[in-house]
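Colleague: next one to model:
(one chain, ligands or ions: 1)
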Amino acid sequence: MSRQNCVYCGKEITTRSSEHVIQNALGGLYESEDICCPECNNYISRCIDAPFTKIFNPIIGKIDNFSKTNNPKSMPSCTGKVLYNNKIYNAFIKNGKVVGCPDLSRELKTDISKLPLQIVAYDFKLDNEIFHTGMAKIAFNYALDKGIDLDTLKHGLNIEKTANDIQKISFTYPMIPFCPLNPVDYYIELETDFNLYHNMILFSQESTLWCYIDLFNTFQYYVLLSDNLSQGINVYDNYAQTLQKIDRTEPELDIYRPKDILIYAQQYGVEPCLDKAEFSRRIKNAIAKKSQKKALESIISDKMAAMPIDYSLRIAQDPKKLLPFAHSMRLYFDDNDKLRTENFRTITTDVQGYVVPYPYAINTVLRQDQTPLRSYTMSKFNRLTNFLNQKTK
Ligand SMILES: [Zn+2]
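Modeller: Alright, predicted model coming up:
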């Protein structure tokens, strides 16, 4: 059943407008027509999505064949740090190349374009309202699309409006950064090959409702959507997708009669249309999208299957690691090595092997000591930087 009224302005939705749950500019493919009216959609994309997606320019500007559909040619620039002669300098970077480094140019009084400058970091501005609001909006949209009642989500949604117009929409849900607390999560996040994907997990724990968001397999947060969930409501859903289009050849379409169009439309799950060029474009898009949707189970299983023998031997020989590893393996995988999806990122094992809710456990750890999170975040960003640097060559 479709939503009758816009969640922001409350007006009746007369024209359906499609909203990307994860922003289109970030390659998000999940769309929902069930959230807001076209005017509010426009506000959200201008005032929340546009500044938010800019944060990720270092990634967007580097990925070949990126999956986003709008402006596929635009290669945004970004800032970062470069290493030259054992010193670190701020730099402007475009398409993986250093295009400006004012401090170094001033110091050397020479053209820096020929110098061997190594990019050692990209700047991501995460500690601000823009980032917070953008992440929270993803969680809010995902929950709404999965049928969570607007009243349940209201406490973190702020709307300033006059009689007719929206002045400002903001989201103030509390957020907890993800930090792996068990050996399997450490392995998955830091020891496997880096590849780009987005993942969302919506889940309830007693009266709380959480959305775990992982963007580009680097920006990982829990968003607390509600601490007032009605008793007996049990929520679980997840979504995952990869981020690079897989080149597929277009199928040969033998269209002679209008009926042929209907047959193909059904086969590929697209809207039929009589314009043959437009119709084959729709089919091509449908195929590309399908190839990128990936089950969370298969992403994680692939990573586990690739575990090197010497890694598992190292664990087996270390009495301090063996037991926690066994505990977390049992938490995540059944006897047939199939992922217990509902446990993944929702609960973890603590040092004694007890099962605890993940976001609370992280919160408890971080209240005592921020060091594990700092070192984890640094490792994740190093992996991302290495990945982006490789892509240049
Ligand atoms: Zn509206």
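
Colleague: pLDDT score assigned to M75?
Modeller: Predicted confidence (pLDDT) at M75: the value is 69.

Colleague: tell me which parts of this protein are close to the ion?
Modeller: Proximity of the chain to the ion (Cβ under 5 Å from the ion) is limited to residues C6, Y8, C9, C36, C37, C40. Where C-beta positions appear, they are placed from N, C-alpha and C, glycine not excepted.

Colleague: now the second one: closest residue in space, sequence neighbours ignored.
Modeller: Meaning Y8. Nearest residue to Y8, sequence neighbours excluded (Cβ to Cβ, 6 or more residues apart in numbering): C40, at 4.2 Å.

Colleague: against C47, how distant is the one you found?
Modeller: Plainly put, C40 is 10 Å away from C47 if you go by Cβ to Cβ, to the nearest Å.

Colleague: and the host helix or strand of the residue nearest to Y8, C-alpha only, in CSV?
Modeller: Counting by DSSP states H and E, the element that carries C40 is helix 38-44. Taking Å, rounded to 0.1, in the frame of the first residue of the first chain, the C-alpha atoms of helix 38-44 are listed here in CSV:
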residue,chain,number,x,y,z
PRO,A,38,8.3,16.0,-5.4
GLU,A,39,8.8,19.4,-3.7
CYS,A,40,10.2,17.9,-0.5
ASN,A,41,12.3,15.5,-2.6
ASN,A,42,13.8,18.5,-4.4
TYR,A,43,14.6,20.2,-1.0
ILE,A,44,16.2,17.0,0.3
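
Colleague: give the buried residues for that helix.
Modeller: E39, C40, N41, Y43, I44 (16 or more other Cβ atoms under 10 Å).

Colleague: packing partners of that helix?
Modeller: When contacts are defined as 3 or more Cβ pairs under 8 Å, 6 or more residues apart in numbering; DSSP states H and E, helix 38-44 packs onto strand 166-171.

Colleague: state the next helix or strand along the chain beyond the strand it packs on.
Modeller: strand 175-177.

Colleague: helices of this structure, residue ranges please.
Modeller: Listed in chain order, the helices found in the chain under DSSP state H are 38-44, 50-54, 57-60, 102-108, 129-145, 150-153, 183-186, 258-268, 276-292, 296-305, 309-317, 319-332, 358-368, 371-392.

Colleague: and these as TSV, adding mean pLDDT?
Modeller: Shown next, in TSV, are these (pLDDT from 0 to 100):
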stretch	mean pLDDT
helix 38-44	92
helix 50-54	93
helix 57-60	87
helix 102-108	89
helix 129-145	95
helix 150-153	94
helix 183-186	94
helix 258-268	85
helix 276-292	79
helix 296-305	90
helix 309-317	88
helix 319-332	91
helix 358-368	94
helix 371-392	90
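
Colleague: reformat these as JSON lines; add distance to Q23.
Modeller: Listed next are those as JSON lines, based on distance: least, Cβ to Cβ, whole Å:
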{"stretch": "helix 38-44", "distance to Q23": "10"}
{"stretch": "helix 50-54", "distance to Q23": "5"}
{"stretch": "helix 57-60", "distance to Q23": "10"}
{"stretch": "helix 102-108", "distance to Q23": "31"}
{"stretch": "helix 129-145", "distance to Q23": "7"}
{"stretch": "helix 150-153", "distance to Q23": "19"}
{"stretch": "helix 183-186", "distance to Q23": "26"}
{"stretch": "helix 258-268", "distance to Q23": "26"}
{"stretch": "helix 276-292", "distance to Q23": "15"}
{"stretch": "helix 296-305", "distance to Q23": "20"}
{"stretch": "helix 309-317", "distance to Q23": "36"}
{"stretch": "helix 319-332", "distance to Q23": "30"}
{"stretch": "helix 358-368", "distance to Q23": "23"}
{"stretch": "helix 371-392", "distance to Q23": "18"}
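
Colleague: nearest to G28, of those helices?
Modeller: G28 sits nearest to helix 129-145 of all the helices of the chain, at 8.2 Å, using Cβ to Cβ.
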